[in-house]
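>>> Predicted model follows, preceded by the sequence.
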Amino acid sequence: TIAGAQGDQNTFTLDGLDISDSQVGGECCGNFGAGLPLPVEAVEEFNSSITNQNANFGRSVGGNFSFAVRHGTPQYHGAGYWYHVDDHLVANNWIADNLGEPKAKFLDNRAGFRVGGPLLGPFKKDKLFFFLNMELRRFPNSSEVNGLVPTDTLRNGILRFPDATGKVISYNLVNSTLCGPTNSLPCDPRGIGISPIIVQQYGLLPAGNDSSLGDQLNTTGISGPASSAQDQDNIVARVDYTISDKWHANGIWSWGQNVFYNPFNNPGLNWEGGPSHIITTATTDNHPRLYGFGLTGQLSPTAVNEFNMGFNQSTLQFDQPHPETLIPTAGVALHLPVIQDPIQIFGARAQVGVSRTWQFTDNFTKILGKHQLQFGVNFERLYFLQLREGANVYNIFPVADIGTNTFVVPSNSQRPPTCGGGVTTQCLLPADVGLWNNLYASTLGIVDSTDDIVVRRPDGTAEPIGTEINSAGTWKHFEYHVSDTWRVTNSLSLSLG
């Protein structure tokens with residue numbers, strides 16, 4: 001943040017065009033607050049203003065950052081580069097080493113080139129120039145992730161908890177009669193025990209490999225590397241044309257394609273393959289575009305006018321797995337608390353956001369003695385489109401919550417007595433009651449609720465299940481500025497705007 005403002009209250013301009021991220025703001029998806037990733041090798045000039053800004057930087061309450069792209073000259077110039085970092089001299093982290101796992105992969109390659117000069121060789125050598133920068137980054141990194149999976153006893157429908165004496169009691173739900181206030185009631189009055197569907201759900205999860213996680217009675221840990229790779233491709237091109245000694249035109253084009261794998265963006269993992277084959281299922285894709293044109297003219301020895309127009313588009317795509325039915329006999333996707341889902345689906349809500357901005361700016365500068373007068377206008381037309389497969393933790397595809405204890409909570413007769421008041425054996429510690437309720441309801445397959453979002457038309461008619469949430473809108477933004485910078489002395493200037 002800058003000057004106490006939020007991170008999305010900063011403004012970024014490139015060759016006079018606003019490239020601020022209009023969708024997310026702040027730092028996201030390969031951006032640093034701008035909606036357009038910009039390679040360092042493409043930048044010729046960078047300026048920042050954070051306090052006491054001139055009126056022409058009055059669009060936001062945060063910082064204002066301006067970039068100028070390199071441009072060509074009458075001579076050809078260029079450079080190539082490759083930055084390489086790897087893990088050959090990096091030690092394994094303690095957790096992975098303790099579990100006998102190989103160290104997480106770390107490899108970073110950033111390569112590109114820039115070239116500039118006369119666009120048509122000797123023809124118009126002193127008038128028409130170009131600059132081109134292309135850069136790619138391949139970062140096949142991996143990160144250590146972990147979660148909880150059921151122990152062998154839980155997979156067989158047996159819950160194990162210590163009582164107040166420290167003795168671990170096993171409760172086989174199919175035939176245990178240690179539930180109720182006096183340890184005299186069957187834990188499962190039906191005498192069925194673990195649900196066959198839950199047996200299959202647990203069966204999709206691999207065995208654990210990390211004893212530092214879980215209680216080691218009902219749950220154990222699974223740890224391993226998962227992809228957190230980044231792939232980036234960016235192109236910046238600019239053409240300059242000297243119309244006359246007083247008039248200059250330029251055009252700019254920028255294109256980007258960035259993909260980020262995020263194993264921590266729960267839901268973002270598929271655990272089915274085991275510790276050494278954990279798959280990252282969540283990605284964030286960013287596809288920015290920019291087209292710009294500028295015309296600068298010297299109207300008189302003391303007056304300059306600068307006109308810019310442009311179009312930029314940012315497409316952010318958050319890919320997450322759809323809630324799918326993994327157990328055919330269940331007929332719906334399942335989510336259980338405490339234990340990992342084989343493919344994380346809780347809170348999955350894939351979405352695509354598209355923002356388009358058309359912009360026209362004009363700035364006039366006039367020198368009058370010790371005064372620099374500036375006048376400017378800026379008009380932007382912004383269009384936004386969002387397609388979402390859910391909101392909050394709900395999805396447009398149904399998900400059955402098993403054992404979450406939101407609406408259906410096991411009664412006192414469905415668990416052992418709580419330790420205390422003279423009860424010390426075959427009881428649950430107060431801190432374990434919540435975990436018992438979750439694992440008990442999950443193991444028996446008790447459905448707490450089935451959640452999904454239904455999209456409706458304006459007249460209230462429901463769309464078919466799986467219809468995306470669609471919202472779009474257009475905004476028009478207009479601003480103008482007037483300022484006077486007065487050079488009172490060689491060491492003192494006053495600015496009014």
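Alright, I've got the coordinates.

>>> Same question for the helix or strand where residue 131 lies: list its buried residues.
Under the criterion of DSSP states H and E, residue 131 resides in strand 128-139. With burial defined by 16 or more other C-beta atoms under 10 Å, the residues of strand 128-139 counted as buried are 128, 129, 130, 131, 132, 133, 134, 135, 137, 139. For every residue, glycine as well, the C-beta is placed using N, CA and C.

>>> now the strands for the stretch 51-200 of the chain?
In the stretch 51-200 of the chain, strands defined by DSSP state E, counting those that start in this stretch lie at 64-69, 77-86, 107-118, 128-139, 142-150, 158-162, 168-172, listed in chain order.

>>> Looking at the buried residues of strand 128-139, which is nearest residue 276?
residue 139 (20.8 Å; C-beta to C-beta).

>>> give the contact list for that closest one.
For residue 139, the residues meeting the contact criterion (C-beta atoms under 8 Å, 6 or more residues apart in numbering) are 107, 108, 109, 229, 230, 231, 232.

>>> Just the buried ones from those residues?
Using 16+ other C-beta under 10 Å as the threshold, 229, 230, 231, 232 are the buried ones among the contacts of residue 139.

>>> could I get these as a markdown table with distance to residue 357 and secondary structure?
Below are the buried ones among the contacts of residue 139 laid out as a markdown table (distance: C-beta to C-beta, whole Å; DSSP: H, G, I helix; E, B strand; the rest coil):
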| residue | distance to residue 357 | secondary structure |
| --- | --- | --- |
| 229 | 30 | coil |
| 230 | 26 | strand |
| 231 | 26 | strand |
| 232 | 22 | strand |
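
>>> Let's have those in CSV, adding distance to residue 269 and pLDDT.
As requested, the buried ones among the contacts of residue 139 are arranged in CSV below (distance: C-beta to C-beta, whole Å; pLDDT from 0 to 100):
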residue, distance to residue 269, pLDDT
229, 14, 90
230, 17, 89
231, 19, 91
232, 23, 91
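
>>> Kindly reformat those residues as JSON lines containing distance to residue 353.
Compiled in JSON lines, the buried ones among the contacts of residue 139 are given as follows (distance: C-beta to C-beta, whole Å):
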{"residue": "229", "distance to residue 353": "22"}
{"residue": "230", "distance to residue 353": "20"}
{"residue": "231", "distance to residue 353": "20"}
{"residue": "232", "distance to residue 353": "19"}
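
>>> now the closest residue to residue 383 other than its chain neighbours: how far from residue 36?
The spatially closest residue to residue 383, leaving aside those adjacent along the chain, is residue 356, at 4.5 Å (C-beta to C-beta, 6 or more residues apart in numbering). In this structure, residue 356 and residue 36 are 13 Å apart, going by C-beta to C-beta, to the nearest Å.

>>> cool, residue 186 as well?
Relative to residue 36, residue 186 is positioned 65 Å away (criterion: C-beta to C-beta).

>>> about what we covered before: average pLDDT for the strand holding residue 131?
Here strand 128-139 scores 94 as its mean pLDDT.

>>> who does it pair up with?
In the sheet containing strand 128-139, the strands it pairs with under DSSP bridges are strand 107-118 (antiparallel), strand 230-242 (antiparallel).

>>> Lowest average confidence across helices and strands of the protein, where is it?
Among the secondary structure pieces of the chain, namely its helices and strands, helix 94-98 has the lowest mean (mean pLDDT, DSSP states H and E), a mean of 75.

>>> Please save the CA atoms from that one in PDB.
C-alpha atoms of helix 94-98 as PDB (Å, rounded to 0.1, in the frame of the first residue of the first chain):
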ATOM      1  CA  TRP A  94      13.800 -30.800   6.900                       C
ATOM      2  CA  ILE A  95      10.300 -32.200   6.600                       C
ATOM      3  CA  ALA A  96      10.800 -33.800   3.200                       C
ATOM      4  CA  ASP A  97      14.200 -35.200   4.200                       C
ATOM      5  CA  ASN A  98      12.800 -36.700   7.400                       C
END
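
>>> check which helix or strand covers the nearest residue to residue 276 once chain neighbours are set aside.
Take residue 276 and drop its neighbours on the chain: the residue closest to it by C-beta to C-beta, 6+ apart is residue 224, 5.8 Å away. Element membership of residue 224 [criterion: DSSP H and E] is strand 219-227.

>>> That strand vs strand 142-150, what angle?
With axes from the mean of the first three to the mean of the last three C-alpha atoms, to 10 degrees as the basis, strand 219-227 and strand 142-150 are set at 160 degrees to each other.

>>> who are the neighbours in contact with residue 86?
So, once contact is read as C-beta under 8 Å, 6+ apart, residue 86 ends up touching 106, 107, 108.

>>> if we can go back for a sec, ok, which of the strands of the stretch 51-200 of the chain comes nearest residue 290?
Between those, strand 64-69 lies closest to residue 290; by C-beta to C-beta that is 10.3 Å.

>>> which helices and strands does the closest one pack with?
strand 11-14, strand 43-49 (3 or more C-beta pairs under 8 Å, 6 or more residues apart in numbering; DSSP states H and E).

>>> Now mean pLDDT too, for those strands, in TSV please.
Shown next, in TSV, are the helices and strands packed on strand 64-69 (pLDDT from 0 to 100):
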stretch	mean pLDDT
strand 11-14	83
strand 43-49	85
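
>>> Which among those strands is found nearest to residue 459?
Closest to residue 459 of the helices and strands packed on strand 64-69 is strand 11-14 (C-beta to C-beta; 41.1 Å).
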